[in-house]
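# Okay, here's the prediction I keep looking at, along with the sequence it came from:
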Amino acid sequence: MSVILNAARSAAVVYALSASSALAQEALALPSIDVASDSLANTQVPGEAFSRATLTRLRSTTSDAAALVARTPGVSTFGAGGFSGLPVIRGLESQRLTILVDGASIDISCPNQMNPPLSYVDPQTIDAISAITGVTPVSMGADSIGGAILVETAAPRFAKAGGRLVTGEVSTYYRSNGDGAGGAVLFTAADDQLSFTYSGSFAQAGNYEGGAGDGEVRSTEYQKTDHAISLAAQTDAGLFELKGGYHYAPYEGFPNQYMDMTSDRSWYLNGHWKGLFDWGDLDLRAFYRDTDHEMNFLADKGGDTGRAMPMNTEVHSAGSTLKGDILLSNRDTLRLGGEFHHQWLNDYWPAVAGSAMMGPDTYVNVNGAKRDRLGVFAEWEALWTPQVTTLVGVRNDQVWMNTGRVQPYSASMMNMADAKAAAAFNAADRKRHDSNWSAMALLRYAPDQRTTFEIGYARKSRSPNIYERYSWGRGSMSSRMVGWFGDGNGYVGDVALKPERADTVSAAASLKGDGDGWALRIAPYYTRVHDYIDVVKLADFTDTTGAPTGFAQLQFANRKAEFYGVDVSGAVPLWRSSVAGSTRLTATASWLRGRNLDGGGALYHQMPFNAKLGLEHQLGGWEGAAELELVADKNRVDARRNEPRTAGYALVNLRTGYAWGRYRLSLDMQNLLDKDHDLPLGGMSLGDLRATGDLRPIPGRGRSVNIGLAATF
């Protein structure tokens with residue numbers, strides 16, 4: 001408690017010394033917000049939305065889009081690379097969420113999930129990002145049992161009738177901790193019918209330093225570039241869009257993995273058409289993405305000493321979605337649609353010359369696996385009265401999966417465990433077919449403009465991903481190369497896994513005062529998951545002397561689990577005047593409990609109680625905030641995975657920004673007091689383990705001074 005009190009006093013002092021010098025954080029979206037996104041057009045689903053104006057203020061602090069959305073109550077991230085954080089919504093990890101970028105999903109293409117969907121966007125070029133933590137509509141997508149994250153990049157802009165439009169933005173930033181730097185360009189040229197947009201960004205950083213006493217956190221360096229071109233046309237037949245992009249990351253360190261990413265190349269092509277008619281509207285999307293992904297060791301893990309273990313993954317994805325809104329009456333809207341998604345994945349590890357273990361053959365981890373999903377859905381939205389709205393929907397998805405034969409590096413005694421496992425896997429029936437049903441119902445009641453109540457129920461299903469079903473290696477080394485959990489354990493798949501089935505009840509009460517007055521939102525929830533894909537222990541890993549290493553070999557297995565908790569957010573205005581500007585106090589808090597109902601223990605990657613308190617101020621072009629971030633001790637851990645306990649901490653962040661004309665300058669200080677702390681969901685610092693021999697949880701970032709500059713034209 002003394003730590004928290006001291007930090008609170010420090011935050012107050014710092015703010016007082018720079019009265020107008022903190023950055024306003026619209027990210028603390030306090031009452032329910034109807035997300036203005038094509039993905040949620042014409043629905044009454046509440047969500048927390050981050051507009052481009054908000055993202056402009058935050059983008060100098062991080063290159064990780066997942067870190068931005070983690071500012072939403074109920075959303076957190078667990079450790080990965082510098083731009084590849086994996087989001088968690090109310091205890092359910094990224095594989096269980098709907099994540100859409102410009103309306104398209106992006107497939108996993110790495111046994112360590114080093115290139116998740118949000119790694120292919122950059123905070124510098126995102127136009128809007130939204131998080132739905134409660135019940136999600138069936139029209140939004142399938143193959144998920146949790147909430148949703150929606151990312152929209154630059155939307156097409158057009159000139160007024162008969163006019164011309166040339167506009168854009170240039171931005172850059174620098175971060176002292178890790179020597180991070182980057183920049184972005186956004187350019188649009190258009191008339192009233194045709195629009196051309198280019199966006200590009202670059203980001204790089206070295207290893208960052210932990211808080212006082214924690215030193216360098218190895219394997220946290222990264223570099224990437226992204227480019228995208230969009231063509232759009234407004235016609236009598238509707239809006240047509242064609243967008244293509246290219247992503248290249250030459251390296252990205254992963255502190256909680258044995259491997260690093262040494263190359264990731266991905267290109268995509270998205271098509272979109274939207275037509276408006278007297279009876280409603282139609283929305284058609286189609287996409288294709290090709291990804292080549294490589295892993296090996298960077299210098300922190302011995303890559304500069306000749307140590308090598310190449311691991312390559314190729315992924316081809318394609319799909320389409322058709323949605324139609326039919327206006328049945330002033331009260332009723334019927335939403336119908338269908339979706340097809342195809343994924344092909346090849347994962348192989350070339351032999352290492354001169355290695356007795358990693359050769360002489362190529363290790364085939366996944367051989368041309370296919371995962372096809374075909375879904376149809378129907379939703380009915382009704383506005384019964386100006387105060388009462390309902391949304392109900394049902395969906396069915398057929399999932400087909402199969403994969404080819406695999407092989408180990410060799411059949412020698414050194415690889416005998418893998419050789420036997422490969423023989424058993426090749427002899428098994430690997431073809432699977434799942435029929436997954438989903439349904440949801442949402443009721444919103446707003447008796448007046450100051451009060452809103454929501455309650456919803458969802459029954460959602462998710463089939464296992466390719467690695468959960470088809471990872472087969474039983475050797476110590478081969479199984480430790482699979483797993484996106486950052487715990488250092490080895491993972492083995494199970495062809496017989498069943499789809500997860502989750503029942504969720506989510507509610508919310510939102511209250512607010514008149515105008516820009518106080519606001520309060522309380523959102524409890526409960527989720528019960530049948531056939532939750534968890535793990536069972538196969539063996540403990542030992543060293544050359546037979547002593548336990550603290551790591552284990554685990555196999556994916558169906559279990560029962562439950563999640564429950566509450567998210568709270570609020571704001572209170574303190575003063576407003578033409579001389580002193582406006583100031584308000586904001587707060588968010590989240591409490592979560594996840595339990596394994598078969599064994600009764602804690603589930604992995606469950607965020608402890610956390611809260612944020614902010615003091616925001618705005619005066620003319622100046623805007624800012626002082627923020628106190630609180631995280632409790634993490635004492636509930638998954639013993640099967642040797643999950644580390646972490647101590648609670650309090651961090652102080654200070655931000656300021658000034659906008660004049662077409663320019664904006666920002667300055668912020670993260671972890672102002674340079675507090676040492678361990679990340680509750682960060683996993684084990686395997687990059688440091690190789691360099692020092694000491695095993696520790698991943699330390700959080702120490703003090704960093706960040707500067708950003710942007711100019712529009």
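Nice, thanks for sending it over. Just so it is clear, the model here is predicted, and its values are computed rather than measured. Residues are numbered from 1 along each chain as shown.

# what's the next secondary structure element after the helix or strand of the chain with the lowest mean pLDDT?
The helix or strand of the chain with the lowest confidence, counting by mean pLDDT, DSSP states H and E, is strand 33-34 at a mean of 34. With elements assigned by DSSP states H and E, the helix or strand that comes after strand 33-34 is strand 46-50.

# From the contact counts, what lies against the helix or strand just after that next one?
Using DSSP H and E, the helix or strand that follows strand 46-50 in sequence is helix 52-58. Here helix 52-58 touches strand 126-132, going by 3 or more CB pairs under 8 Å, 6 or more residues apart in numbering; DSSP states H and E. Placement of C-beta: from N, CA and C, glycine included.

# Residues contacting the helix or strand just after the strand it packs on, please?
Going down the chain from strand 126-132, the next helix or strand is strand 148-153, by DSSP H and E. Contacting residues not belonging to strand 148-153 are listed as 35, 37-40, 47, 65, 69, 87, 89, 97-102, 118, 121, 125-132, 136, 140-141, 199, 228 [CB atoms under 8 Å, 6 or more residues apart in numbering].

# List the pairing partners of the helix or strand following strand 148-153 within its sheet, with orientation.
Counting by DSSP H and E, the next helix or strand C-terminal to strand 148-153 is strand 165-175. Note on strand 165-175: by DSSP bridges, its sheet partners are strand 180-190 (antiparallel), strand 704-712 (antiparallel).

# buried set for the longest one?
Within strand 180-190, the residues that qualify as buried by neighbour count (16 or more other CB atoms under 10 Å) are 180, 182-190.

# now it against strand 148-153, angle please.
70 degrees (axes from the mean of the first three to the mean of the last three CA atoms, to 10 degrees).

# Name the residues that touch stretch 426-441?
135-138, 142-143, 390-403, 405-406, 456-463, 469-470, 495, 499.

# How far away from the center of its chain is the longest strand seen in the chain?
Counting residues, the longest strand found in the chain (DSSP state E) is strand 548-577. Distance, stretch centre to chain centre, for strand 548-577: 14 Å (CA atoms, centre = their mean, to the nearest Å).

# Quick one: list the elements packing against that strand.
On a contact count with 3+ CB pairs under 8 Å, 6+ apart, strand 548-577 meets helix 476-480, strand 490-492, strand 519-542, strand 581-596.

# ok so, going back, are any of the contacts of stretch 426-441 buried, and which?
Buried among these by 16+ other CB under 10 Å: 135-138, 142-143, 390-397, 399, 401-403, 406, 456-463, 469-470, 495, 499.

# if we can go back for a sec, taking the buried residues of strand 180-190, tell me the two that lie furthest apart.
The span of the buried residues of strand 180-190, defined through CB to CB, is set by Gly180 and Ala190 at 33.4 Å.

# Which helix or strand contains the residue lying closest to Gly683 once chain neighbours are set aside?
Using CB to CB, 6 or more residues apart in numbering and skipping the chain neighbours, the partner closest in space to Gly683 is Gly486 (2.7 Å). In the assignment (DSSP H and E), Gly486 maps to no helix and no strand.

# quick one: contacts for Gly486?
Listed by CB under 8 Å, 6+ apart, the contact partners of Gly486 are 78-80, 256-257, 682-684, 698.

# how close does it sit to Gly147?
Distance of Gly486 to Gly147, computed by CB to CB, to the nearest Å: 21 Å.

# for Gly550, same thing?
Distance, Gly550 to Gly147, by CB to CB: 33 Å.

# and if you look at Asn296?
Remark: distance between Asn296 and Gly147 (CB to CB) = 34 Å.

# So among the contacts of strand 148-153, which ones count as buried?
The neighbour-count test (16+ other CB under 10 Å) marks 35, 37-40, 47, 65, 69, 87, 89, 97-102, 118, 121, 125-132, 136, 140-141, 199, 228 as buried among these.

# so what does the helix or strand where Ser666 lies touch, helix or strand wise?
Assessed by DSSP H and E, Ser666 sits inside strand 663-670. Judged by 3+ CB pairs under 8 Å, 6+ apart, the packing partners of strand 663-670 are strand 649-660, strand 704-712.

# now for the first one, which elements pack on it?
Yep, that's strand 649-660 we're talking about. Counting by 3+ CB pairs under 8 Å, 6+ apart, strand 649-660 packs on helix 2-17, strand 622-631, strand 663-670.

# Check the average confidence over that strand, would you?
For strand 649-660, mean pLDDT rounds to 96.

# ok, that strand: who's next to it in the sheet?
Neighbouring strands of strand 649-660 in its sheet, by DSSP bridges, are strand 622-631 (antiparallel), strand 663-670 (antiparallel).

# among the helices and strands packed on strand 663-670, which is nearest Pro447?
When the helices and strands packed on strand 663-670 are compared by CB to CB, strand 649-660 sits nearest Pro447, at 37.4 Å.

# And that closest one, what's buried?
Within strand 649-660, the residues that count as buried by 16+ other CB under 10 Å are 649-659.

# which pair in those spans the largest distance?
For these, the maximum inter-member distance is 32.7 Å, found between Tyr649 and Ala659 (CB to CB).

# distance of Arg480 from Phe541?
Arg480 is 8 Å from Phe541, where distance means CB to CB.

# do the same with Cys110
Distance of Cys110 to Phe541, given as CB to CB: 22 Å.

# Same drill for those two, tell me which one is more crowded.
A count of neighbours by other CB atoms under 10 Å puts Cys110 above the other of Cys110 and Phe541, at 24 against 17.

# Enumerate every residue touching the more buried one.
261, 293, 295, 313, 484.

# In terms of pLDDT, where does it sit?
The model's pLDDT for Cys110 equals 94.

# got it, and Ala49?
Value listed for Ala49 in the pLDDT field: 82.

# Out of the strands paired with strand 649-660, indicate the one that is most buried.
strand 622-631 (a mean of 23; mean count of other CB atoms under 10 Å).

# How far does it sit from its chain's centre?
23 Å.

# same check, this time on stretch 67-79
Stretch 67-79 sits 8 Å away from the centroid of its parent chain (CA atoms, centre = their mean).

# cool, stretch 246-253 as well?
Mean-position distance between stretch 246-253 and its chain equals 18 Å (CA atoms, centre = their mean).

# ok, now stretch 248-258?
When distances are taken as CA atoms, centre = their mean, stretch 248-258 is centred 17 Å away from the chain's centroid.

# what is the mean pLDDT for it?
Mean pLDDT, stretch 248-258: 97.

# possible to save the buried residues of strand 649-660 as a markdown table with distance to Pro608?
As requested, the buried residues of strand 649-660 are arranged in a markdown table below (distance: CB to CB, whole Å):
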| residue | distance to Pro608 |
| --- | --- |
| Tyr649 | 11 |
| Ala650 | 13 |
| Leu651 | 14 |
| Val652 | 19 |
| Asn653 | 19 |
| Leu654 | 24 |
| Arg655 | 25 |
| Thr656 | 30 |
| Gly657 | 31 |
| Tyr658 | 36 |
| Ala659 | 37 |
